[in-house]
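*Asks:* make a model of this:
(chains A and B)
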Amino acid sequence: MKRYIVATLITVMTACTVDIPYTGPGTSPMMVLNAYSNDGDTVWVKASHSVFFLDPDTASKNLPDANVTIEIDGVERTATYYPHRKAYTDGRVAQSGNHVRVSASHAKYGNAYAEDYVPIPDSICVMSSTAKVNDKKDYDENYFMDTTDSIWTLTVSLQGASADAHYYKMTIIATTEITYLKDDRWGSPYWNTIYDAIRYSIHDNTRIALGLTDTEDIIDNGFETEYEYGAISFMFSDQMLNDNKELSFDICMQKGYHEYPYGFDEPVENDTTEYQYNYFFDIELTTITEATYQYLKSYDDFEESEWSLFSEPVQVVGNVNGGLGVLTSSATHYTKVKY
Amino acid sequence: MRKIISVICILSIAARCLADSHTIRGYVHDHQSQETLIGATIYETGSSMGTITNEYGFYSITLPDGNVTINTGYVGYTPRSISFFLSADTLLNIELSEVSELSEVTITGNRLDLGVQGAQMSAVDLPIEQIKAVPALFGESDVLKALQLLPGVQGGTEGTAGLFVRGGNPDENLLLIDGVPVYNVNHMFGLFSTFNPDAIKNVTLYKGSFPAHYCGRLSSIVDVRMKDGDMHNYHGNASIGLISSKINLEGPIADGKTSFNVSLRRTYSDLILNSAIFLAEKLNREIDENTSMGYYFYDLNVKLNHRFNDRDRLYASWYSGDDDVYFTYKTRDSYLSKDKAKLGWRWGNTIAAVRWNHVIGPRLFMDLSANYTQYRHRMNLGISSEDKQYKEIMSEKLTMKSGIFDETLRADFHYSPTPQHDIRFGGYATHHMFRPDVTSLKENYSDQDTTYTNGLKIGQKQINAMELQSYFEDNLTITDYLKADLGLSYSLFHVNGHTYNSLEPRISSRLLITDNLSFKAGYAYMTQYIHLLSNNSISLPTDLWVPVTDKIKPEHSHQFASGIFYEIKNVADLSLEGYYKTETNLLEYKEGASYLSTGTDWQDKVAMGRGWSYGLEFMAQRSFGRFNGWVSYTWSHTQRQFDRPGMVLNGGKAFNAKYDRRHDFSITGSYRFNDHFDMSATWIYATGNCGSLYTQYYDSHKESYYSTPQIGYFTERNNFRLNPYHRLDLGMNWHKPIQFFNRDADRTLNLSIYNAYNNKNPFLVYTYEDSYWDSSTNSALYYRRLRQLTLFPILPTISYTISF
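*Replies:* Sure, this is the predicted structure:
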């Protein structure tokens, strides 16, 4: 008897989970289109289907047997499936100002389409750049980073943006060109020029430089105050800017590190007699459509929420009618800034 | 000129009326303890005029000269009738004696102002004995969990003390201890509330038609009053349970003049755990570490009450409560090294109030108070190590702190010029100091050659704000059948150079159809200037109170309610109410945002939107006699919509609120069989909570050689509803008279069973993935299931109490 009582108690106290059926809406798989119409690039369309969350995710979701058409400025053509890219194209290249419409139909997953205009690329002009060596005092009243060597303030102006709302993705890549001025120390050419990443960050208190009286934290660079190697990208809308269309960035710099392939980095020596340093920022300004902006923004939020236990769920905003996914449209302008 | 003459005439008539009448005033007390009784009914038979005692047990009634018969009643007390000839203003302090619970029913139930006769609606008064009788989780009676059983009030996640009143969020409830706000009412992440039932005299909940002297929140007021303390005798009780122990003492400091009431509650799981760790370390000599860890919370309530004379009283009340999580670790000192680690995580409230009651005249009562309330949260994490051989010392310390601090001066006046008017007016000034989250990190290192210190501090500056409020309200008797509570409140909030103000009309009216049947209707406009940044699912100590800003506007609500109230004489009070409430500038975290994401200003994490809620509430309450309890049922619907540019949630479409539940039913009852045994039971049924569940997954635009990231999709926010929730709780008490330190005492053995039939109620659901080996295909087959987790199965608990 005692044994049964113990067994019953253990069962009661531990059996706290039970499998339940899902009886709500949204059980049917849907057509998914992921299409790209970027200025100067071939239009590609990926057709796939979504999977009910309780189905084991083992089968391929691509749809090589869909009927996909691409329409550019009213000229519609059937697209061909290319297995190596798992995507459809008719080979045409999108240009700024084109109206692009992609559609797909499938016997099982129905019809879906998306359309957008390829934007005209806006450019930027560097208005000013200043650098100051960090004196290790509070950088922003109550925030300080003792690892910052210098703070670079870069002000750029958007060129060509009209009165309408424009959306952008800006990517900044910092590089240091380090040239070894002397002969190789071991008798053979060692490392004439090193293009090396600088650890840097765009401060999260990046502000609009002109126009607004209040300081506004409008740019979510996604990295906040962390130091990053390589590129930093962020998206913004020029609705948040004033008429001057100017942006300024406070970029916290840390002295460059040589990146070695075997896992240990070596600080760049501060020896100007032996090395010559040239600092560059490569700035890519990608003009994107509003639909693309909403999708990328919500996708970033979705990715972030996946890592947080307490985040509210995110619905990624697409522009596909009758299905899921996105037709992204963009045009990019490149600028190189040297300090 | 004509107007002036009219006014003079009216004043003359009023003065003449008053000249032929006089005022009876005084306090209503418990006969034995001299504890003042809140909401006691004062009723004069001949004139059919009546009033009730206020929060301090004071009443004032003006009656025509002549023979008067004053009847006084209070729930659980024997009514008392006093007749005399009224020819002058009279001081009449009335003492009532508790009725034996086994005697015949002699009085009716609800308070005069809240039941059939009163104009106030959408309010419930819960006697503390009834709250204590409700069977509780881990045997810990809890005020807020008892309130969750009332119509229109929903609990959040199972086991937690969150309140969702008429579709409102948890931060829309103003919880008051002796009139002072409590900002964090949760212990143990919401499993228990900070209100220790042993220290409490009375609990009143307002869900709508708010009296004008309450303001600052949209959805409810929970007015908790602490016991004053026995003026004549020392007594108390002590109890020991599975989770905590409590002790309550009260008695006179100066007989009949000054009294005290002290209550202390503390959990002790940490003491047990540390004893076990200590023993293990002692028994095992190979362990060269000292470790200490645990969690506890405590509440300390102290109240002093001094009666100078019949006109003046002074109250001082103090509450302090903290939750503490701690962990310390250190290696035993050796010749080589020494390591230490320490975690201290502490949060809690401190409340202090000093109150002076003064009877200015027969018809005018004044309450002046100065009070202070704070909620603070602090986490310290420190590690250090010392290498004695190389003389190397390293230490790091992380500190996180946040809080809110209020200082308030308040004056309230209660004026009863004629039997037709019961007027209150007054106001307060509060200085708020918000300390949003501040994190600092310090690092020290030293060895034989170098010493350095690093520091990092992230956070926002403290914010000071000023809140002013003034109000006027009149409980007006228009005719014998028609009564109305008319009120107007004006508030002003100043923060960071921005000033907001709000004029809030309130009305609650009653039409008496028969002696025991009335119809009531009410309207209230409310404004809220401070918000709690919180996750709805669980209360965390990191939840932040923040003020309105230039971007974040005050929240407003309009609430209309009407209902029918019926009293079955000497049986129960019944009510059926309907309400419609709209709210604007509600805050919710934006999609993907949470309070754990750092770096971004909190204002950028939240969206402002609106909400609306409507429902029907039924309640049958019996507050007296051997058998008492209540039945409550709520049908309601609550939705939210966030469609402002940059603050869009759910594509701008309306969606169900997280705790939108169509049906909520509960029945609570207790029965006293005899002096030795009583029993109570509660059964609850509720529609399941809503949640957002990704039902489809699809490829994102990103591609990599190995895989394509997946995106989750749901048809709309809160698209999934958990299974309905129901459970039965039982409580049994065995009483026995005993001798305790040569005093007559009573011991009570309590057995509580939570979730008696072990229903697997949903706490959360998650997707579970596993595989099995299929021998026919000789491969692993994967499957996914939706799995429901139940937090509390059947939980029997036992406690032992001595009352002396």
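*Asks:* closest residue of the stretch 201-339 of chain A to chain B?
*Replies:* Nearest to chain B in the stretch 201-339 of chain A, going by Cβ to the nearest Cβ, is residue A:301, at a distance of 3.1 Å. C-beta here means a position set from N, CA and C on the backbone, and glycine is covered the same way.
*Asks:* and that residue, what element?
*Replies:* Using DSSP states H and E, residue A:301 maps to helix A:290-306.
*Asks:* same thing with residue B:338?
*Replies:* Counting by DSSP H and E, residue B:338 is part of strand B:337-361.
*Asks:* so for that strand, mean pLDDT?
*Replies:* Averaging pLDDT along strand B:337-361 gives 89.
*Asks:* quick one, the very next helix or strand once past the helix holding residue A:301 and helix A:290-306 angle?
*Replies:* Per DSSP H and E, the first helix or strand lying C-terminal to helix A:290-306 is strand A:324-338. Angle between the axes of strand A:324-338 and helix A:290-306 is 90 degrees (criterion: axes from the mean of the first three to the mean of the last three Cα atoms, to 10 degrees).
*Asks:* other SSEs contacting strand A:324-338?
*Replies:* Strand A:324-338 is packed against strand A:31-38, strand A:99-106, strand A:110-117, strand A:123-133, strand A:275-288, helix A:290-306, strand B:696-699, with contacts defined by 3 or more Cβ pairs under 8 Å, 6 or more residues apart in numbering or on different chains; DSSP states H and E.
*Asks:* tell me the most buried of these?
*Replies:* Comparing these by mean neighbour count (mean count of other Cβ atoms under 10 Å in any protein chain shown), strand A:31-38 ranks first with a mean of 28.
*Asks:* how about it and chain B, any contact?
*Replies:* Yes: counting by Cβ under 8 Å from any Cβ of the partner chain, chain B has neighbours in strand A:31-38: A:32, A:34, A:36.
*Asks:* low-confidence stretches in chain A?
*Replies:* Along chain A, the parts satisfying pLDDT under 70 run over A:1-15, A:57-60, A:131-151, A:160-164, A:174-232, A:239-245, A:249-279, A:307-311, A:339.
*Asks:* next: chain B.
*Replies:* Within chain B, the set of residues satisfying pLDDT under 70 comprises B:1-19, B:100-114, B:159, B:161, B:285-287, B:332-335, B:455-460, B:535-540, B:592-601, B:704-706.
*Asks:* off-centre distance for the helix or strand just after the strand holding residue B:338?
*Replies:* Remark: after strand B:337-361, the chain's next helix or strand is strand B:364-387, criterion DSSP H and E. Counting by Cα atoms, centre = their mean, to the nearest Å, strand B:364-387 is centred 19 Å from the centre of its parent chain.
*Asks:* residues of strand B:364-387 that come out buried?
*Replies:* Neighbour counts over strand B:364-387 (16 or more other Cβ atoms under 10 Å in any protein chain shown) mark B:364-367, B:369, B:371-379, B:381-382, B:384, B:386 as buried.
*Asks:* stretch A:330-339 now?
*Replies:* A:330-333, A:337.
*Asks:* next, format these as CSV and append distance to residue B:182.
*Replies:* Formatted as CSV, these follow (distance: Cβ to Cβ, whole Å):
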residue, distance to residue B:182
A:330, 53
A:331, 57
A:332, 56
A:333, 57
A:337, 56
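*Asks:* just flag the most distant two among the residues you listed.
*Replies:* A:330 and A:337 (21.5 Å; Cβ to Cβ).
*Asks:* determine which residue lies closest to the centroid of chain B.
*Replies:* By Cα atoms, centre = their mean, chain B has its centre lying nearest to residue B:175, at 4.4 Å.
*Asks:* give the contact list for that one.
*Replies:* Counting by Cβ atoms under 8 Å, 6 or more residues apart in numbering or on different chains, residue B:175 touches B:181-182, B:185, B:222, B:224.
*Asks:* helix or strand for it, which one?
*Replies:* Counting by DSSP H and E, residue B:175 is part of strand B:173-177.
*Asks:* now do that strand and strand B:337-361, the angle between them.
*Replies:* Relative orientation of strand B:173-177 versus strand B:337-361 (the same axes, to 10 degrees): 80 degrees.
*Asks:* and the angle for strand B:173-177 with strand B:364-387?
*Replies:* Going by the same axes, to 10 degrees, strand B:173-177 makes 100 degrees with strand B:364-387.
*Asks:* which elements pack onto the helix or strand that comes right after strand B:173-177?
*Replies:* Going down the chain from strand B:173-177, the next helix or strand is strand B:180-181, by DSSP H and E. If contacts are counted by 3+ Cβ pairs under 8 Å, 6+ apart, strand B:180-181 sits against strand B:337-361, strand B:364-387.
*Asks:* please name whichever of those is nearest to chain A.
*Replies:* The closest of the helices and strands packed on strand B:180-181 to chain A is strand B:364-387. By Cβ to the nearest Cβ, the value is 16.3 Å.
*Asks:* show me what the closest one is packed against.
*Replies:* Where contact means 3+ Cβ pairs under 8 Å, 6+ apart, strand B:364-387 is packed against strand B:58-64, strand B:180-181, strand B:337-361, strand B:392-415.
*Asks:* how about those in JSON lines, adding mean neighbour count?
*Replies:* Below are the helices and strands packed on strand B:364-387 laid out as JSON lines (neighbours: other Cβ atoms under 10 Å in any protein chain shown):
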{"stretch": "strand B:58-64", "mean neighbour count": "22"}
{"stretch": "strand B:180-181", "mean neighbour count": "21"}
{"stretch": "strand B:337-361", "mean neighbour count": "18"}
{"stretch": "strand B:392-415", "mean neighbour count": "18"}
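*Asks:* right, and these - which one's nearest residue B:624?
*Replies:* When the helices and strands packed on strand B:364-387 are compared by Cβ to Cβ, strand B:58-64 sits nearest residue B:624, at 20.9 Å.
*Asks:* what's next to that closest one, contact-wise?
*Replies:* By Cβ under 8 Å, 6+ apart, the residues outside strand B:58-64 that reach it are B:18, B:20-28, B:36, B:40, B:42, B:44, B:47, B:49-53, B:86, B:357, B:359, B:362-365, B:414, B:416-419.
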